[in-house]
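*Asks:* Fold the following, please.
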Amino acid sequence: MRRPHGTREWLGALYDRHAAGLYRYAVMILADRDAAGDAVQQVFTRLVDRRDRPEIEANYLRRAIRNECFSMLRNRRRRLQAADSHEILEALSARDDRPEERLAIQAALLALPADQREVVHLKVFEGLTFQEIADLAGESIHTIASRYRYALDKMRAML
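*Replies:* Numbers count the residues shown, from 1 in each chain. Just a heads-up that it's a prediction; the model follows:
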């Protein structure tokens, strides 16, 4: 795919291709729609300031969003507030035969620590492998697999 010449065109094309997925990822980590939008905006704003325009890949952007989200969590130093009941699971299919189950799953997801919620999101909603998640998070595959297992155990206990 040919890259547009100007910064505005280049950034616009990059945003069009990746922003929606990055936003969903940020919502899952932060459990806050407004903060997720801020994280996406911050990452793309930093790209404007870059003199070079490297071939940006999805993994680069995911890592940038992840870093921004965890930085925001560190800076907040307070417990996450639960988002509206319809906000967290936007990635789920629109056909919803059992809304009660969906709300219970959402509550269980929100109750997880951010690092476990992130792994569940990347595995279930983004379809990444444990190795891909480990590479993205800079953690061992065993740590990622454990976080996933602990998250599922906690969710089962809550449900």
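*Asks:* Quickly note the distance from residue 46 to residue 135.
*Replies:* The spacing between residue 46 and residue 135, counted by CB to CB, to the nearest Å, is 21 Å. In short, each C-beta sits where N, CA and C put it, glycine included.
*Asks:* Which of the two has more residues huddled nearby?
*Replies:* Using other CB atoms under 10 Å as the criterion, residue 46 and residue 135 rank with residue 135 on top: 15 against 11.
*Asks:* Three-state assignment for the more buried one, please.
*Replies:* Here residue 135 is helix, with the state taken from DSSP: H, G, I helix; E, B strand; the rest coil.
*Asks:* Please save the CA atoms from the helix-or-strand element of the chain with minimal mean pLDDT in PDB.
*Replies:* Least confident helix or strand, the chain: helix 99-111 with a mean of 80, by mean pLDDT, DSSP states H and E. Output of helix 99-111 as PDB, limited to C-alpha atoms (Å, rounded to 0.1, in the frame of the first residue of the first chain):
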ATOM      1  CA  PRO A  99     -28.500  -9.300  28.100                       C
ATOM      2  CA  GLU A 100     -28.400 -10.500  31.700                       C
ATOM      3  CA  GLU A 101     -25.500 -12.700  31.000                       C
ATOM      4  CA  ARG A 102     -23.700 -10.000  29.100                       C
ATOM      5  CA  LEU A 103     -24.000  -7.600  32.000                       C
ATOM      6  CA  ALA A 104     -22.800 -10.200  34.400                       C
ATOM      7  CA  ILE A 105     -19.700 -10.900  32.200                       C
ATOM      8  CA  GLN A 106     -19.100  -7.200  31.900                       C
ATOM      9  CA  ALA A 107     -19.200  -6.800  35.700                       C
ATOM     10  CA  ALA A 108     -16.800  -9.700  36.100                       C
ATOM     11  CA  LEU A 109     -14.400  -8.200  33.500                       C
ATOM     12  CA  LEU A 110     -14.500  -4.800  35.300                       C
ATOM     13  CA  ALA A 111     -13.700  -6.500  38.600                       C
END
